[in-house]
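Student: Here is a sequence with its predicted model. Questions after.
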Amino acid sequence: MSDEVALAQTAKAGGDTIFGKILRKEIPCEFLYEDEQCVAFKDVNPQAPVHILVIPRKPISQLSKSTDEDEAVLGHLLVAARKVAKQVGIDETGYRLVINDGKNGAQSVFHLHIHILGGRQMQWPPG
Ligand code: AMP
């Protein structure tokens, strides 16, 4: 079991998260991209040569807890991920977007985020 999967077994949904602290600049973090609705930064524990997280400024805990009112911000995150992938130069070779949801999805941080993974050949099926 990886550290992330182990962490996901006990991670609790709800409340403030490390990503909330990053958004409030309580933890230093270089943003590769930011706009009024989201920010993107490098994952601290990269699983690929390129591993970036795109997170909404709105503290949605996880995809399954989002609502129909979040349609615009959810769409915005995908558009931002596309822009970031192009910005870092992995759009021609391809990349993978991942959203882990809940315990079985191995989610460890309960602030919605899209993983952008690239810079190497991805395999299928995922673990
Ligand atoms: P997930 O397992 O989908 O919840 O992913 C959470 C991700 O957040 C993991 O890939 C962690 O490596 C990453 N992470 C945790 N803390 C930080 C941090 N301070 N800065 C950047 N990435 C982080």
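Tutor: Looks like it arrived, so ask away. As the structure is a computational prediction, the values presented were derived from the model and not from experiment.
Student: Give me the contact list for the biggest helix by length in the chain.
Tutor: When the chain is parsed with DSSP state H, its longest helix is helix 71-87. Taking contacts as Cβ atoms under 8 Å, 6 or more residues apart in numbering, the residues outside helix 71-87 that touch it are 32-33, 35, 37-38, 40, 52, 54, 56, 58, 60, 63, 66, 91, 95, 97, 112, 114, 116, 118. Placement of C-beta: from N, CA and C, glycine included.
Student: same check, this time on stretch 15-32
Tutor: 39-42, 52-53, 55, 57, 59, 84, 87-88, 109-111, 113.
Student: out of these, which are inside helices?
Tutor: Per DSSP H, the subset of the contacts of stretch 15-32 in helices is 84, 87.
Student: For this protein, which residues are neighbours of the ligand?
Tutor: Within the chain, the residues that sit near the ligand (Cβ under 6 Å from any ligand atom) are 4, 8, 18, 43-45, 53, 100, 106-109.
Student: ok so, going back, out of the contacts of helix 71-87, which are buried?
Tutor: 32-33, 38, 40, 52, 54, 56, 60, 63, 66, 95, 112, 114, 116, 118 (16 or more other Cβ atoms under 10 Å).
Student: Cool, thanks, talk later.
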